[in-house]
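Visitor: How does the following fold in three dimensions:
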Amino acid sequence: MTRIKTGSESTAARFLMLTTVFTAALCATSALHAASAADCAAEADRVSRDQGTMLGGAGRGAVRGAAFGAIVGGGDSARRGAAVGAVVGTARRGAQKNDTYTQVYDGCMRRSR
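Guide: Prediction:
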């Protein structure tokens, strides 16, 4: 193993101190990295896509509408209820996805200030 020269011991200590400070600064700044608008949009898009599909909303709406129509008035009412339920379920799912996207995007932009 090579021995450091006697006169350069303070230089080695300074180098070690500088390396430690630089490493600590790098660790601290990575946590403070501000997200861009594109980063927030990507995060919000992922969350809203994970929530479910419009087709699922239409299916659940149709089943609920058919059940309500069958209880209230019979066969024709069940068909009408299914149709109305599908439309309402699709609209509701679309509104929920939009609300979720907006909430996640706004929250991400607030965190990045």
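Visitor: Buried residues, stretch 71-90. List them.
Guide: 77-78, 81-82, 84-86, 88-90 (16 or more other CB atoms under 10 Å). From N, CA and C alone the C-beta is placed, and that goes for glycine too.
Visitor: ok, of those residues, which one's closest to residue 18?
Guide: residue 90 (61.5 Å; CB to CB).
Visitor: Please name the residues that touch residue 88.
Guide: Residue 88 is in contact with 61, 65, counting by CB atoms under 8 Å, 6 or more residues apart in numbering.
Visitor: can we see that at 7 Å?
Guide: By CB atoms under 7 Å, 6 or more residues apart in numbering, the contact list for residue 88 reads residue 61.
Visitor: Work out for me the element it sits within.
Guide: In the assignment (DSSP states H and E), residue 88 maps to helix 75-111.
Visitor: Now that helix: average pLDDT?
Guide: Averaging pLDDT along helix 75-111 gives 91.
Visitor: How far does it sit from its chain's centre?
Guide: Helix 75-111 sits 18 Å away from the centroid of its parent chain (CA atoms, centre = their mean, to the nearest Å).
Visitor: Switch the buried residues of stretch 71-90 over to a markdown table; also include distance to residue 103.
Guide: Below are the buried residues of stretch 71-90 laid out as a markdown table (distance: CB to CB, whole Å):
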| residue | distance to residue 103 |
| --- | --- |
| 77 | 37 |
| 78 | 36 |
| 81 | 31 |
| 82 | 31 |
| 84 | 28 |
| 85 | 26 |
| 86 | 26 |
| 88 | 22 |
| 89 | 21 |
| 90 | 21 |
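Visitor: Which member of these is positioned nearest residue 54?
Guide: The closest of the buried residues of stretch 71-90, once distances to residue 54 are taken by CB to CB, is residue 90, at 5.4 Å.
Visitor: That closest one contacts residue 58, correct?
Guide: Yes - counting by CB atoms under 7 Å, residue 58 is a contact partner of residue 90 at 4.4 Å.
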